[in-house]
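Undergrad: I would like to see how this sequence folds:
(chains A and B)
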Amino acid sequence: MSEAARLEHEPAAGLEPPLGLLAELTHRCPLQCPYCSNPLSLERVNAELSTEAWSDVLAQAAELGVLQLHLSGGEPTVRRDLAQIVAQAARVGLYTNLITAGVLLTRERLEDLVANGLDHVQISIQDSNPGNADRIAQYAGGHGKKLEVARWAKDLNLPLTLNAPIHRQNIDSLPGIIELALLLGAQRLEVAHVQYYGWALQNRQALMPTRAQVLASAERVAEARARLKGVLVIDFVVPDYYARRPKPCMGGWGRGIITITPSGKVLPCHAAQTIEGLHFENVRERSLPEIWQHSQAFTAFRGTDWMREPCRSCEFRELDWGGCRCQALAFTGAAANADPACEKSPHHAAFTEVAHRESQAPPEAFAFRRPSPPPGAR
Amino acid sequence: MSKVSDPQRALIAATSVPSLPRHVKLRHDAARNRWTILAPERVLTPDAIALDILRLCDGKRSVEEIADALVDQYAAPKERILSDVTNLLQDLADKGVITA
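TA: Okay, the predicted model is just below:
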C-alpha cells in the first residue's frame, strides 16, 4: 500500500501518534499475483493471531490515536472471524477499510460485514481484460467474481475503491481499467504502478514498463481526472525507477503507519523485514504504544538523525524522509543510504539504467507468489 | 466494453442540499484534540471555518440556508459568505467528501 493515510496539515514537533494501521490478518491467499506486497517468506496459518488478540490490538490502536484500519492480507476474507474483527474495529471507533481480492466473498458475507460496521471496500483488479487478469492472478474466473462483488458493494451502498496495480503486462489496458471503474460505480480508482519490493522485485524484469509507457499512463490519468472531476477520484502512483525524487515512503519511517503481520510482529513498513539488524517486537509480548514509541525497529530510521549524505544536508529531508529504506538497502547495499530513486543519489543513474534495460527486453516468465520462496529467492 | 455516460459531477448551487455520505465521518480525534474527516484512504483536518460549514451539512439545509446561518457569526456580507461556502463545498464534493 502506498498512501494509507494522507495528512493535510503541518506535522507537529515531537512524535505524533500513528494515523493508520495495516493489519495483515493472514498471508493465505487464493491468488498468486507476481507483485504481491507480502514478504517472500510467508507466515503460516498456525502462527496467526487469535480473534481475541486482534480485538485487544485494535483497542490499543484506537487508544494510541490510530484513526484508520486497513484489513489486509494475504486475503483477509480467508479469516472466518473477519466480521468479529470488523465489529470490534467499529466498537473502538476505527474507520475500517477491507482490502480484498473478493473472490471468496458471498453476498451474504459482504452484507454481514457491512452490518458489523465495515466503512469501505477496496477490490484489487489485475486487468480489465478477463483472460489476462486471470493469468496474472493465476485464478480461473477470478476477474468475473471480482466484478460481481463490486456490484454487490454498489447494491449495498458500500463505497468502493478499485485498485489496479500497473506494470508492462497490463499497462495498455489503462483506458479499459478507468472505464471499468466507472461502470462499476467506484468512487475511487488507484492506478498504482507496481513498487519493486519482495515478489515484485523478484519479477521486476517481467513487470517493468518503459519510460514512454509510464509517461503515457500519466497523461491518460491526467486526462481522465479532468474529464471525471467530481465523478471518480483517481490516485496515481508512479514507479520509483522513473522518478527524480523519492516518495516519502510510509509518510516517513515510524511517523504515521503501523503494519502488523499475521503472527503479531509490528513493522514500520510491510517490507521492513528485508532490512537486517532490525528487531521486530510482537503484540503478544509488548503493548502497541510502547512498541510504537520505543522499539528499535521504529526508532532506527525515525526522524533525520540516522541520515547520511546526500540526505543529511538536503533541503527535502523532512519532506521525503530520504525515501524508502528497503529500496535503499536492496539497490545500494545499505538501508541508511538515500533511496536510489533520488537524483541526488550516486546510485540513481544505475537505478534508471536497470529499468531502461529490463523494460526493453522481452518479459521473462513470472515467478508467481506461492507459500514457499521460489528457487533463487534473494 | 460500452462507454458509460451517466455519472455526473455534482455542481454546488445555492439551492443544493449538501450532506456527508455514509462512508465519510466527521469525528473528534481525542488523541490529537481536533476534529477530523475520515474518508477512504484520506484523513483530512478541517480548519475552523470548514468545520462550521460541515456541521451544517445535515441533508436538510440548502447552501443558502447554511450561508444564512453563518452571517451573524462571521460578520460579513451574505453574498461573500455564500460565495465562499459554495466554493468550499464544490471542492469537497469534487474530493468525494460531500454529496448534494
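Undergrad: okay, CA-based contacts and neighbour counts for the rest of this
TA: Will do.
Undergrad: buried residues of stretch A:232-247, list them for me.
TA: Judged by neighbour count using 16 or more other C-alpha atoms under 10 Å in any protein chain shown, the buried positions of stretch A:232-247 are A:232-234, A:236-243, A:245-247.
Undergrad: tell me if it is near chain B.
TA: Yes - contact check for stretch A:232-247 against chain B, using C-alpha under 8 Å from any C-alpha of the partner chain: residues in range are A:V233.
Undergrad: where do the strands of the chain begin and end?
TA: No chain was given, so I picked chain A. Secondary structure of chain A (DSSP state E): strands at A:20-24, A:68-72, A:95-100, A:120-124, A:160-166, A:188-193, A:233-237, A:257-260, A:266-267.
Undergrad: actually it's chain B I care about, not the one you picked
TA: So, for chain B - with DSSP E - the strands run B:25-29, B:34-39, B:42-44.
Undergrad: with distance to A:A150 and mean pLDDT added, can I get the strands of chain A in a markdown table?
TA: As requested, these are exported to a markdown table (distance: least, C-alpha to C-alpha, whole Å; pLDDT from 0 to 100):
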| stretch | distance to A:A150 | mean pLDDT |
| --- | --- | --- |
| strand A:20-24 | 22 | 97 |
| strand A:68-72 | 17 | 98 |
| strand A:95-100 | 11 | 98 |
| strand A:120-124 | 7 | 97 |
| strand A:160-166 | 7 | 97 |
| strand A:188-193 | 12 | 96 |
| strand A:233-237 | 17 | 94 |
| strand A:257-260 | 26 | 97 |
| strand A:266-267 | 31 | 98 |
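Undergrad: wait, what's in contact with the nearest residue to A:Q296 once chain neighbours are set aside?
TA: By the measure of C-alpha to C-alpha, 6 or more residues apart in numbering or on different chains, the closest residue to A:Q296 outside its immediate chain neighbours is A:H279, 6.1 Å from it. For A:H279, the contacting residues are A:295-297, by C-alpha atoms under 8 Å, 6 or more residues apart in numbering or on different chains.
Undergrad: which among the strands of chain B is found nearest to A:T274?
TA: Across the strands of chain B, A:T274 has its closest neighbour in strand B:42-44 (28.1 Å, C-alpha to C-alpha).
Undergrad: tell me the confidence at residue 75?
TA: No chain specified, so I'll use chain A. The predicted local distance difference test score for A:E75 is 97.
Undergrad: if you could check chain B rather than the one you did, that'd help
TA: With respect to pLDDT, B:A75 has a value of 84.
Undergrad: what's the burial count for the closest residue to A:P209 other than its chain neighbours?
TA: Closest residue to A:P209 in three dimensions, ignoring its sequence neighbours and counting by C-alpha to C-alpha, 6+ apart: A:R168, at 4.3 Å. By other C-alpha atoms under 10 Å in any protein chain shown, 18 other residues sit near A:R168.
Undergrad: any idea how far A:R168 lies from chain B?
TA: A:R168 sits at a distance of 22 Å from chain B (criterion: C-alpha to the nearest C-alpha, to the nearest Å).
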